[in-house]
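Asker: mind looking at a prediction? Sequence and model below.
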Amino acid sequence: MRRFNYGKKGNLLRYGSECPPAYKIDHLGELPFTSHLFRGTKDAVMNDTDFNHLVGQFHPKRVHTYEVHDYNHLDYVWSETAHHAL
């Protein structure tokens, strides 16, 4: 999983390289608390492969995943039904 791709020129300006850097997620398994990860069934940003890779970085006993039907990536913030769905 990499940060946002601004194109070669934009990446050089923002990141100092033509390719966006990978997110630093290797420490997530050390977190001492339970994490809750939500994914919408219509998420256009986080695909199944990336989500499963992210989940795999957490300690298996300290991560819970949820799938929210018909939600997209930012619906958790903007949806008028978020207070019911989550």
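Answerer: All right, it came through fine.
Asker: can you dump the C-alpha atoms of the helix or strand of the chain with the lowest mean pLDDT in CSV for me?
Answerer: One helix or strand of the chain scores below all others by mean pLDDT, DSSP states H and E: helix 82-85, with a mean of 81. Extracted in CSV, the C-alpha atoms of helix 82-85 (Å, rounded to 0.1, in the frame of the first residue of the first chain):
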residue,chain,number,x,y,z
ALA,A,82,-23.5,6.5,9.4
HIS,A,83,-24.8,6.8,12.9
HIS,A,84,-27.1,3.8,12.3
ALA,A,85,-24.8,1.7,10.1
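Asker: mind checking how far it is from the chain centre?
Answerer: The chain centre lies 19 Å from the centre of helix 82-85; the measure is C-alpha atoms, centre = their mean, to the nearest Å.
Asker: got it, and stretch 22-38?
Answerer: 11 Å.
Asker: span of that stretch from start to end?
Answerer: Using C-alpha to C-alpha, to the nearest Å, one end of stretch 22-38 lies 21 Å from the other.
Asker: what residues does it touch?
Answerer: For stretch 22-38, contacts defined as C-beta atoms under 8 Å, 6 or more residues apart in numbering pick out 1-3, 51, 54-55, 57-59, 62-68, 71, 76, 86. Heads up, the C-betas are built off the backbone N, CA and C, glycines and all.
Asker: got it, and stretch 2-19?
Answerer: Contacts of stretch 2-19 with the rest of the structure, by C-beta under 8 Å, 6+ apart, involve 20-23.
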